[in-house]
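*Asks:* Sequence plus the predicted model coming up.
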Amino acid sequence: MDNASAAIVTIPNLITLVRLVIVPATVWSLLAAHYDWAFWLFVAAGVGDALDGIIARHFSMVSRLGSFLDPMADKALLVSIYITLAALLHLPAWLAIMVVSRDLLIVAGVILALVLGWPVEMHPLPISKANTLAQILLAAVVLADLAFVIDLAVIRPALTLLVAALTVGSAAAYLVDWVRHMGRSG
């Protein structure tokens, strides 16, 4: 195996690939009303996310591929969960549309900057990290509520509004950064 192949086949990258495989399994579990499976798969993906990051940093296995795969796995899971939960009427459709639209707008901005020859280097903003944490927490609460028939309905509206506010705030922050970047580049 050459050095380029060795850099791709790392334990963190393999864990991230497993996380990507968990996405369709989680969606299928939701659609088949196997909410306990969906919950535990979601938890497994979260544990895998933490584990691949710890291993990559602790054992110097950080790779360029991993820097792309890791956020892709995170977004694939959250977007899929939000769309599926909204389709099953367990989350408001408007919230799923906001979450997906924000991610699409960010990706479109990055692609547009790249096409124009002014690539933008992406770094997660603090509000974006808070947004991701809130999205994960809301998804986990909804999945736990469905899986274990516990009544978490009292906190779901507040979490929904928090995710909505952070999604809008995060989108606005990225837009401001993108406009500044494009203004300096053009």
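*Replies:* The structure has been received and is ready for your questions.
*Asks:* switch to C-alpha atoms for all contacts and neighbour counts from now on
*Replies:* Noted.
*Asks:* Grab the longest helix from this protein for me.
*Replies:* Ranked by residue count, the top helix of the chain under DSSP state H comes out as helix 156-185.
*Asks:* Which strands or helices does that helix pack on?
*Replies:* helix 93-115, helix 126-148 (3 or more CA pairs under 8 Å, 6 or more residues apart in numbering; DSSP states H and E).
*Asks:* So for the first one, what gets flagged as buried?
*Replies:* In other words, helix 93-115. 93, 95-96, 98-100, 102, 106, 109-110, 113 (16 or more other CA atoms under 10 Å).
*Asks:* same thing with the last one?
*Replies:* Of the residues in helix 126-148, those scored as buried under the neighbour-count criterion (16+ other CA under 10 Å) are 127-128, 130-132, 134-147.
*Asks:* pLDDT and distance to residue 40 added to the buried residues of helix 93-115, as a markdown table?
*Replies:* Listed next are these as a markdown table, based on pLDDT from 0 to 100; distance: CA to CA, whole Å:
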| residue | pLDDT | distance to residue 40 |
| --- | --- | --- |
| 93 | 98 | 24 |
| 95 | 98 | 23 |
| 96 | 98 | 21 |
| 98 | 98 | 26 |
| 99 | 97 | 22 |
| 100 | 97 | 23 |
| 102 | 97 | 27 |
| 106 | 93 | 29 |
| 109 | 94 | 34 |
| 110 | 92 | 33 |
| 113 | 93 | 38 |
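*Asks:* So which of those residues is the closest to residue 169?
*Replies:* residue 102 (10.1 Å; CA to CA).
*Asks:* The closest one contacts residue 167, doesn't it?
*Replies:* Yes: in terms of CA atoms under 8 Å, residue 102 counts as a neighbour of residue 167; the distance is 7.0 Å.
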